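Chemist: Turn this into a structure:
(one chain, ligands or ions: 1)
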Amino acid sequence: MELHEAIRSVRPCRSFLPRPVPADALRRVIDSARLAATGSDQQPWRFIVVQDEERKRKVAQAVTRGGFLNLAPVLVVALGVEEAAPALVGGYMMSYPLEVAASIQNLALTAAAEGLGACWCTDFREQKLRELFHLPEGIRVVGVIPLGYPDPATPTNGSSPGRMGFSEIVSFESSPW
Ligand SMILES: Cc1cc2nc3c(=O)[nH]c(=O)nc-3n(C[C@H](O)[C@H](O)[C@H](O)COP(=O)(O)O)c2cc1C
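Modeler: As a prediction, this is how the structure comes out:
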């Protein structure tokens with residue numbers, strides 16, 4: 001899939017076929033996450049790939065309205081490493097969530113190029129995931145991402161009214177406020 005087309009067409013996928021993701025495709029998807037840019041090249045991320053059914057079920061249980069995660073053959077738990085990104089953005093905000101976000105967008109776009117669907121879920125109870133994976137202090141869960149072949153029979157796009165228009169969000173030379 002061509003990049004512009006992918007950016008314009010990719011939507012979260014919440015329904016998956018019971019078809020395994022080939023190891024080489026999965027590798028390319030995860031590898032693209034690793035290649036996102038980070039401040040001072042700190043790479044404050046780690047990714048747990050979950051394919052074991054019982055483990056997936058436990059991860060899905062930690063996500064509110066996460067029942068659909070059980071349908072996906074792969075779950076990726078994206079982690080942020082706080083101490084690897086201590087610099088503040090503009091002096092007020094930690095950078096690791098931004099960097100992990102960029103990695104997740106890479107992952108979602110590469111998944112689309114592989115014919116796969118993904119959905120970045122943040123509605124999880126972090127403590128449950130911390131316990132499940134024995135995460136040490138300073139490691140934070142930023143997202144749980146189901147991956148798999150979309151089920152074309154089931155619409156999964158939710159009820160989004162669509163994106164705001166260009167002129168609604170972009171101003172030239174001066175602030176919109
Ligand atoms: C940071 C972030 C968190 C999200 N969390 C969830 C989530 O917990 N569960 C879910 O089903 N979708 C989640 N989504 C997907 C959004 O609901 C979806 O992108 C939005 O509704 C727009 O839908 P559309 O792309 O189909 O227009 C999340 C997306 C982002 C970027």
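Chemist: hey, which strand is longest across the chain?
Modeler: Counting by DSSP state E, the longest strand found in the chain is strand 139-148.
Chemist: Report the buried residues of that strand.
Modeler: 139-148 (16 or more other CB atoms under 10 Å). C-betas here are computed from N, CA, C, even on glycine.
Chemist: Including distance to Leu88, could those residues go into CSV?
Modeler: What follows is the buried residues of strand 139-148, written out as CSV (distance: CB to CB, whole Å):
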residue, distance to Leu88
Ile139, 19
Arg140, 16
Val141, 21
Val142, 17
Gly143, 22
Val144, 26
Ile145, 26
Pro146, 32
Leu147, 32
Gly148, 37
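Chemist: hmm, back to that, which other helices and strands contact the longest strand of the chain?
Modeler: Where contact means 3 or more CB pairs under 8 Å, 6 or more residues apart in numbering; DSSP states H and E, strand 139-148 is packed against strand 74-81, helix 96-113, strand 117-118, helix 126-133.
Chemist: Determine the set of other helices and strands touching the third one.
Modeler: For strand 117-118, the contact count by 3+ CB pairs under 8 Å, 6+ apart identifies helix 96-113, strand 139-148 as packing neighbours.
Chemist: Export the ones you listed as CSV, with columns for mean pLDDT and distance to Ser15.
Modeler: Shown next, in CSV, are the helices and strands packed on strand 117-118 (pLDDT from 0 to 100; distance: least, CB to CB, whole Å):
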stretch, mean pLDDT, distance to Ser15
helix 96-113, 96, 14
strand 139-148, 98, 9
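Chemist: coming back round to it: relative to the ligand, which of the buried residues of strand 139-148 is nearest.
Modeler: Gly143 (7.0 Å; CB to the nearest ligand atom).
Chemist: For the closest one, give me its contacts.
Modeler: For Gly143, the contact set (CB atoms under 8 Å, 6 or more residues apart in numbering) comprises 76-78, 100, 104, 120-122.
Chemist: do the same with Arg163
Modeler: By CB under 8 Å, 6+ apart, no residues touch Arg163.
Chemist: So it lies in a helix, does it not?
Modeler: No: counting by DSSP: H, G, I helix; E, B strand; the rest coil, Arg163 falls outside a helix, being coil.
Chemist: If I look at it, what pLDDT would I see?
Modeler: At Arg163, the model reports a pLDDT of 90.
Chemist: what's the helix or strand for Arg65?
Modeler: According to DSSP states H and E, Arg65 maps onto no helix or strand at all.
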